[in-house]
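Engineer: Please work out how this folds:
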Amino acid sequence: MQYRQLGNSPLNVSTLCLGTMTWGEQNTQQQAFEQLDYALDQGINFIDTAELYPVPPKAETYSKTESIIGDWIKQRNNRDKFILATKVTGPGDWVNYMRQGPRLDRENILAAADASLSRLNTDYIDLYQVHWPERQTNFFGQLNYPPPSEEQAVSIEETLAALNELVESGKVRHIGISNETPWGAMRYLQLAEKRGMAKAVSIQNPYNLLNRTFEIGLAEFAHRENLGLLAYSPMAFGALSGKYLHGAKPANARLTLFSRFARYSNPQAIKATEKYVEIAQRHKLDPAQMALAFVSSRPFVASNIIGATSMDQLKANINSINLALADAVLEEIESVHTEQPNPAP
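Structural biologist: All right, here's what the predicted structure looks like:
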């Protein structure tokens with residue numbers, strides 16, 4: 001395994017981070033324990049979760065993933081062996097079953113952190129992240145900026161002050177942002193410097209062969225400000241494995257089970273996926289490993305968040321760390337990207 005410093009923090013995180021969003025929905029607790037044990041044995045020291053998980057989010061399963069991780073920590077008594085990240089949920093009508101409608105104000109953030117600490121059976125969270133912004137902006141695949149008409153969002157300053165309070169209390173070691181824009185990232189860092197508050201050390205945004213929009217406005221910002229990218233969806237919901245091509249519907253696969261995950265299924269994305277899979281096959285590479293290796297190779301990526309619903313998938317994903325893409329492969333990837341840039345933002 002390889003390790004990288006997470007932003008300006010003293011944390012050295014594994015280049016591959018274990019994602020957990022299927023635990024409690026597609027994966028049982030026993031399967032989650034098996035994944036956790038194996039990942040740590042392979043040198044992964046970074047686990048990412050959220051109070052919202054598992055996905056798709058719903059009232060019946062909300063917070064179940066954190067509870068599974070907490071049970072594992074209690075049974076293994078190994079909290080000092082890994083770096084743990086979780087997230088506080090932003091607002092949205094589709095999550096109103098949480099705290100009567102979650103907000104990013106002080107009351108909600110402090111309550112969410114305490115609940116996560118309890119479920120996770122830990123006294124501290126290494127990295128506490130804002131899952132998505134309070135304000136109206138373009139995230140979750142929306143490219144066009146929608147100017148808010150009558151916005152009444154909690155300010156970033158109030159959100160940051162609450163996060164800073166958690167850091168000062170010792171409940172949280174470092175803070176991060178997620179699904180953020182260049183303006184939002186700038187504002188968090190600007191306010192932290194101006195007010196002497198905790199500075200974000202990471203940004204968790206989507207990044208994969210079908211969606212490289214992070215490179216347009218955020219890559220330089222992340223590089224120059226030392227804000228490490230935690231890349232999520234590096235395989236585009238599994239689409240870049242090629243398993244959904246030609247109308248295939250693999251049993252128990254995410255896009256087979258949940259039609260709402262259509263972000264990477266438009267005609268342009270399918271066409272680009274076909275070309276990426278062809279590149280992998282031509283060079284005798286596993287398409288999924290090629291997709292993961294590309295993300296891990298980017299200099300602004302601090303950690304690449306992998307997920308799996310089976311041990312075979314997890315083992316193959318972890319093995320991607322040993323794959324160094326040849327210049328010829330990278331050139332062909334760039335050729336497809338130039339021809340079909342960001343077909344599924």
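Engineer: Now for Gln281, which secondary structure element holds it?
Structural biologist: Gln281 is part of helix 267-282 when elements are defined by DSSP states H and E.
Engineer: Distance from the very next helix or strand once past that helix to the middle of the chain?
Structural biologist: Reading on from helix 267-282 to the C-terminus, the next helix or strand found by DSSP H and E is helix 287-297. Put simply, helix 287-297 sits 16 Å off its chain's centre (CA atoms, centre = their mean, to the nearest Å).
Engineer: Same question for stretch 83-101.
Structural biologist: 15 Å.
Engineer: Could you do stretch 307-320 as well?
Structural biologist: The chain centroid and the centroid of stretch 307-320 are separated by 16 Å under CA atoms, centre = their mean.
Engineer: And for stretch 237-244?
Structural biologist: 18 Å.
Engineer: who's in contact with it?
Structural biologist: Contacts of stretch 237-244 with the rest of the structure, by CB atoms under 8 Å, 6 or more residues apart in numbering, involve 208-210, 235, 250, 253-255, 261, 263-265, 269, 273, 276-277, 280, 287-288, 291. For the C-beta atoms, the positions are set from N, CA and C on the backbone; glycine is no exception.
Engineer: Could you do stretch 37-50 as well?
Structural biologist: Stretch 37-50 has contacts (CB under 8 Å, 6+ apart) with 1, 3, 12-14, 16-21, 36, 65-66, 69, 76, 78, 81-87, 89, 129, 131, 204, 230, 303, 305, 311, 314-315, 318.
Engineer: Which among those residues count as buried?
Structural biologist: Among these, those scoring as buried are 13-14, 16-21, 36, 65-66, 69, 82-87, 89, 129, 131, 204, 230, 303, 305, 314, 318 (criterion: 16 or more other CB atoms under 10 Å).
Engineer: Which members of those residues are positioned in helices?
Structural biologist: Leu36, Thr65, Glu66, Ile69, Leu314, Ile318 (DSSP state H).
Engineer: Just name the closest of these to Leu160, please.
Structural biologist: Leu160 lies nearest to Glu66 out of those, by CB to CB, at 23.1 Å.
Engineer: That closest one contacts Thr86, doesn't it?
Structural biologist: Yes: Glu66 is within contact range of Thr86, at 6.6 Å (criterion: CB atoms under 8 Å).
Engineer: So for those two, which residues contact both of them?
Structural biologist: Here Glu66 and Thr86 have Thr49, Ala50, Glu51, Ser116, Leu120 as joint contacts, going by CB under 8 Å, 6+ apart.
Engineer: Run a quick neighbour tally on the fourth one.
Structural biologist: One way to gauge burial is a neighbour count; for Ser116, by other CB atoms under 10 Å, it gives 25.
Engineer: That one falls within a helix, correct?
Structural biologist: Yes: assessed with DSSP: H, G, I helix; E, B strand; the rest coil, Ser116 lies in a helix.
Engineer: what residues are up against the closest residue to Leu11 other than its chain neighbours?
Structural biologist: What sits nearest to Leu11 in space, not counting adjacent residues and going by CB to CB, 6 or more residues apart in numbering, is Ile83, at 5.7 Å. By CB under 8 Å, 6+ apart, the residues touching Ile83 are Leu6, Leu11, Val13, Asn45, Phe46, Ile47, Asp126, Leu127.
Engineer: Give me the buried positions along the helix or strand hosting Ile109.
Structural biologist: Here Ile109 sits within helix 106-119, counting by DSSP H and E. Neighbour-count burial for helix 106-119, counted by 16+ other CB under 10 Å, picks out Asn108, Ile109, Leu110, Ala112, Ala113, Ala115, Ser116, Leu117, Arg119.
Engineer: From the contact counts, what lies against it?
Structural biologist: Packing partners of helix 106-119 (3 or more CB pairs under 8 Å, 6 or more residues apart in numbering; DSSP states H and E): helix 64-76, strand 83-88, strand 125-130, helix 156-169.
Engineer: TSV for the ones you listed, including distance to Met98?
Structural biologist: Shown next, in TSV, are the helices and strands packed on helix 106-119 (distance: least, CB to CB, whole Å):
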stretch	distance to Met98
helix 64-76	13
strand 83-88	10
strand 125-130	14
helix 156-169	16
